[in-house]
Every structure is written in C-alpha cells, then in structure tokens.
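Below is the sequence, then the predicted model.
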Amino acid sequence: MDRIDAHFVAAGKYHDIDYARLELLKLLAEHPQVRTTVASDYSDVGRIAACRFLVTYTCDLMPTPAEAVAIRSFLEAGGRWLALHGTNSILRFTDAGVECPEERPDVMEMLGSQFKAHPPIGAPFRVTVNNRDHPLTRGIDDFDVVDELYLMKTLAPLEVLMQTSFTGEAAGFVDPQWDDPAVPVLYVRQLGQGSVLYNTLGHCRGHYDLTELMPFWDHPERCAWNYPVYHEMLRRGIRWAMGEIA
C-alpha cells in the first residue's frame, strides 16, 4: 500500500475537542497507510498542500485570508476536505443573541454553506437519505438522532446526500425563526478537481468546554457519537477522503 498523508485541524470553542480529536484519530488509525499530522489552526499550508486530504473538527475557527487561498488551491488541484460539524461556524455573543456574521465569504463559499443557528438539543430528529445509490450512503437507512440540528445558509451548488427539515425556533440566536423543509446534513461540494464532504453531525461537549458562560457543564453531550450510524458515516468519509470512494 502506498502512503497517504493527511492533515487534521481540531480546535475551537464550546466543544469537547479532545474527545472528537481522539475518536477521529482512532478511525484514521484503522488505515495503517494514512499518516496524520494534527494541528490547532490552519497555518501549516505547506503541509496541507503536501497531503491527499484535510480533516477538520472545529468551532468558530477560521483560516486567515491567505490560508484560505492556499486551501482553495489545494482543493482545486484535487485535494479533498472532510469538514465536520462546526467547521463552517462563526459565533458572536451579543445582547440580542448569538450572531453568525457573514464576514468570511471566501471560506464559506469554499465550504458551500455557513452555520446560522440550531434549535436546542432535545428530541431526536429524522435524517433522510436522498441518494441511496451513492457509495457514501448505500445501505444506510433513514435514522433518528439526537444532535445539534444545523441550520445553514447555502452558498454554492451542493450534492446533498442526507438531509433533515426544521420548522420552529432556534432560541438564543439572532436569526431564531426557521421553516426549512430541506436542511443539508451530509453533502459534497465540488471545487475544481477536488471537493469538500461536509457532515454537520457530531456535537460533543464535556464538563469544561463552556467556561466562558458557566464554569461547569453538568451533563456531558456526545450526541451522534453515541450512534453506530455516525461512526459508519465517518468511516466512509475517511475512505472518501483517501480516494477509495468517488
């Protein structure tokens, strides 16, 4: 087997990044030919350019404009980006609620979407499979999951493989009222010779990940990480990033 190089950015706010980093590294380690470097930002653009794929699990962490240009060049040349959960988020806490300012269109257009809000985590929501013939979804049935239901602004043509719907209030956000019958959950965004695979699921939070608002979070959240189907989606996402899935 030929060596495959990967770069993994795991950092950001309000999430148990340590947990997500460890779980994803274990999944990457199922492939001995994948050699992964880990970073807490996007600054090592030389390493990204040398890799076959980029993985990100972040929240409210953006590349600089120059780093975004380098990542776009990486994608257009054939690189792949497995973008998870809060990668497309910018968060500002204001008196009116959580604002998601549209101040980085270069990054969000490249990703294909921008996070805008989510309703409170509570009852399960249904994820439906749009394309049952795609190798990323083949054999996966519709499923219910407790997680953050990501409400987003779409900014580019997307091949939506899984979706959900939401009508109601995203309490605490500046944009609280939503009526969206087709909310992307898993999609592919083509960019030049490369592409982005975005999976919005996978929220996690430990006791000490929201200290800006409260010193101790009583109930750790694992959300989709508790479901075998999510781990299957991640495994297929890694195989897609490696080039084993078209």
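Received, thanks.

Now find how far off-centre the longest strand along the chain is within its chain.
Using DSSP state E, we find that the single longest strand of the chain is strand 177-191. Centroid separation between strand 177-191 and its chain, computed with C-alpha atoms, centre = their mean, to the nearest Å, is 12 Å.

tell me the average confidence for it?
Mean pLDDT, computed over strand 177-191, is 98.

which residues touch it?
72, 75-76, 110-113, 117, 119, 127, 136-137, 149-152, 154, 156-170, 195-201, 233 (C-beta atoms under 8 Å, 6 or more residues apart in numbering). For the C-beta atoms, the positions are set from N, CA and C on the backbone; glycine is no exception.

tell me which helix or strand of the protein sits lowest on mean pLDDT?
Ranked by mean pLDDT, DSSP states H and E, the weakest helix or strand in the chain is strand 92-94, scoring a mean of 95.

Show me what that strand packs onto, helices and strands only.
Judged by 3 or more C-beta pairs under 8 Å, 6 or more residues apart in numbering; DSSP states H and E, the packing partners of strand 92-94 are strand 97-99.

Quick one: residues contacting the most centrally placed residue in the chain.
By C-alpha atoms, centre = their mean, the chain has its centre lying nearest to Leu84, at 1.8 Å. Going by C-beta under 8 Å, 6+ apart, Leu84 touches 20, 24, 55-57, 198-199, 202, 234.

Output stretch 205-225 in PDB with nothing but the alpha carbons.
Extracted in PDB, the C-alpha atoms of stretch 205-225 (Å, rounded to 0.1, in the frame of the first residue of the first chain):
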ATOM      1  CA  ARG A 205     -19.300  18.900  25.000                       C
ATOM      2  CA  GLY A 206     -17.700  18.000  28.300                       C
ATOM      3  CA  HIS A 207     -17.800  19.500  31.700                       C
ATOM      4  CA  TYR A 208     -15.300  22.300  31.000                       C
ATOM      5  CA  ASP A 209     -16.000  23.300  27.400                       C
ATOM      6  CA  LEU A 210     -18.300  26.300  28.000                       C
ATOM      7  CA  THR A 211     -16.400  28.100  30.800                       C
ATOM      8  CA  GLU A 212     -16.900  31.400  29.000                       C
ATOM      9  CA  LEU A 213     -20.600  31.100  30.100                       C
ATOM     10  CA  MET A 214     -20.500  28.700  33.000                       C
ATOM     11  CA  PRO A 215     -17.600  27.100  34.900                       C
ATOM     12  CA  PHE A 216     -19.100  23.600  34.900                       C
ATOM     13  CA  TRP A 217     -21.400  21.900  32.300                       C
ATOM     14  CA  ASP A 218     -23.500  19.400  34.300                       C
ATOM     15  CA  HIS A 219     -24.400  17.000  31.500                       C
ATOM     16  CA  PRO A 220     -21.700  16.000  29.000                       C
ATOM     17  CA  GLU A 221     -23.100  15.600  25.500                       C
ATOM     18  CA  ARG A 222     -22.000  13.000  22.900                       C
ATOM     19  CA  CYS A 223     -25.000  13.300  20.600                       C
ATOM     20  CA  ALA A 224     -24.300  11.500  17.200                       C
ATOM     21  CA  TRP A 225     -21.100   9.900  18.600                       C
END
